[in-house]
Every structure is written in structure tokens, then in C-alpha cells.
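*Asks:* Structure of the sequence below:
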Amino acid sequence: MGDCPKFFGKVPVGTKGQIVIPAEARKAMNIKPGDNVMIISGPPGRERIISVMPEEEFGKFLKFFEEHVASFKKAVSKSK
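*Replies:* Predicted structure coming up:
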């Protein structure tokens, strides 16, 4: 998808809280019917922002985080 976020449009929230992921976004993220997506709130202090990502991408993120958590902890402890 490139380095910059892409704007895929505006969608309404239905009466049951549902949204439709625009076709262009589904195509760009290779989301197909029956796929699971993860819904995540924004960064701290930005809880009203949500991200939607295919489940397998979230798994890759978790794996990366788990592999690097020690170095993240080390960096945080140095900054205090």
C-alpha cells in the first residue's frame, strides 16, 4: 500500500453498528468475503481512532513485537 496512509472514503455506521469496507480498501488490503479483520483503537490518547487490518497482518505485528519486546523495554528504561 505504500508508505503513506491512503484515504478510502467515508462510510456510514448502520443501526447495528456495522460499516462497509470500501471495495478499493478491500482490494488494496486483499480482504475477501469470510476473512477476519482486527479492529484496534488508536494510539494512547487517541482512543476514538480505529485501525482495521486483516487478521494475518495483526499476527505478523504481534510476532514482530514479541521478537523485539526486550529491545523495546531496554529503550524505554533508558529514556526514564
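
*Asks:* could you point out the longest helix in the chain?
*Replies:* Of all the segments of type helix in the chain, defined by DSSP state H, the longest one is helix 55-79.

*Asks:* Can you mark which positions in that helix are buried?
*Replies:* In terms of neighbour count (16 or more other C-beta atoms under 10 Å), helix 55-79 has its buried residues at Phe58. Every residue, glycine included, has its C-beta placed from N, CA and C.

*Asks:* What's the mean pLDDT across it?
*Replies:* Model confidence over helix 55-79, given as mean pLDDT, is 85.

*Asks:* And the contacts of that helix?
*Replies:* Met29, Asp35, Asn36, Val37, Met38, Ile40, Met53 (C-beta atoms under 8 Å, 6 or more residues apart in numbering).

*Asks:* Tell me how far it lies from the chain's centre.
*Replies:* On the basis of C-alpha atoms, centre = their mean, to the nearest Å, the separation between the geometric centre of helix 55-79 and that of its chain is 15 Å.

*Asks:* Ok, stretch 25-39 next?
*Replies:* 11 Å.

*Asks:* Quick one: mean pLDDT over that stretch.
*Replies:* 95.

*Asks:* Can you give the contact residues for it?
*Replies:* Defining contact as C-beta under 8 Å, 6+ apart, one finds that stretch 25-39 is touched by 1, 6, 8-9, 21, 50-55, 57-58.

*Asks:* Buried ones in that stretch, by neighbour count?
*Replies:* Ala25, Arg26, Met29, Ile31, Val37.

*Asks:* about what we covered before: can you say which two of the contacts of helix 55-79 are spatially most distant?
*Replies:* Across the contacts of helix 55-79, no pair lies farther apart than Asp35 and Ile40, at 16.0 Å, counting by C-beta to C-beta.

*Asks:* Tabulate the contacts of helix 55-79 (TSV), appending secondary structure and distance to Phe65.
*Replies:* Conversion of these to TSV gives the following (DSSP: H, G, I helix; E, B strand; the rest coil; distance: C-beta to C-beta, whole Å):
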residue	secondary structure	distance to Phe65
Met29	coil	20
Asp35	coil	22
Asn36	coil	19
Val37	strand	19
Met38	strand	14
Ile40	strand	13
Met53	strand	14
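
*Asks:* can the residues you listed go into CSV with extra columns for distance to Lys63?
*Replies:* Putting those into CSV (distance: C-beta to C-beta, whole Å) gives the following:
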residue, distance to Lys63
Met29, 19
Asp35, 19
Asn36, 17
Val37, 18
Met38, 14
Ile40, 16
Met53, 14
